[in-house]
Structures are given as structure tokens and as C-alpha cells.
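Visitor: Return a 3D structure for these sequence lines:
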Amino acid sequence: MITVKCARCKRKLFKYKKIGAGRLLHLWPDRIVKDYSVHKGREIRCECGNLIGIDEGCWIKMKPRSFTRSGSYIRT
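Guide: Numbers count the residues shown, from 1 in each chain. This is a model prediction of the structure:
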């Protein structure tokens, strides 16, 4: 389970079940455990206004360097 936070204000955005090592390029909606973000149309933003990602329908495409992550991933 990892925690995704805003790079600008450090607010919590998501609790996410990350499977496998590697970068976080997109989020699968069925693996999001808790969502603290603000949804404006297709845009996913933090409360401070920072653009975190774009909802592409089947996943959320994350914007690089707009978030940080902590925690551990599930090994496969």
C-alpha cells in the first residue's frame, strides 16, 4: 500500500495498492483504496490547485513531478 501526496503542499491524495516495483505512471481506479483528490471534469487536482493527473477512463494518467509517494508495493 502506498500513499500518494501532492508535491507542492504535501497533502494526502490517494491510498493505492501498487503492484510491482517501478514508477507510478498511471493509477487503476479499482486499486484506489481512498481518494482525497478533487475531480474537475477529467482533471485530478489537489485542494491547492496542483494538477496531479488526467482521467483517461480506464486509468488516471499521472503528471510527473506533481506528486510524491511513500510506502511499499506488493511483490508479484
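Visitor: Every contact and neighbour count from this point should use C-alpha atoms.
Guide: Fine.
Visitor: burial of residue 6, as a residue count?
Guide: Counted with other Cα atoms under 10 Å, residues neighbouring residue 6 total 24.
Visitor: how deep is residue 40 tucked in, by neighbour count?
Guide: Neighbours around residue 40, by other Cα under 10 Å: 10.
Visitor: Identify the bridge partners of it.
Guide: Beta bridges link residue 40 to residue 43, judged by DSSP bridges.
Visitor: That one and residue 46, how far apart?
Guide: From residue 40 over to residue 46 the distance is 10 Å, taken as Cα to Cα, to the nearest Å.
Visitor: On the pLDDT front, check residue 76 for me.
Guide: At residue 76, the predicted lDDT confidence score is 67.
Visitor: all strands for this protein, in order.
Guide: 2-6, 12-16, 26-27, 32-35, 38-40, 43-45, 51-55, 60-62, 67-71 (DSSP state E).
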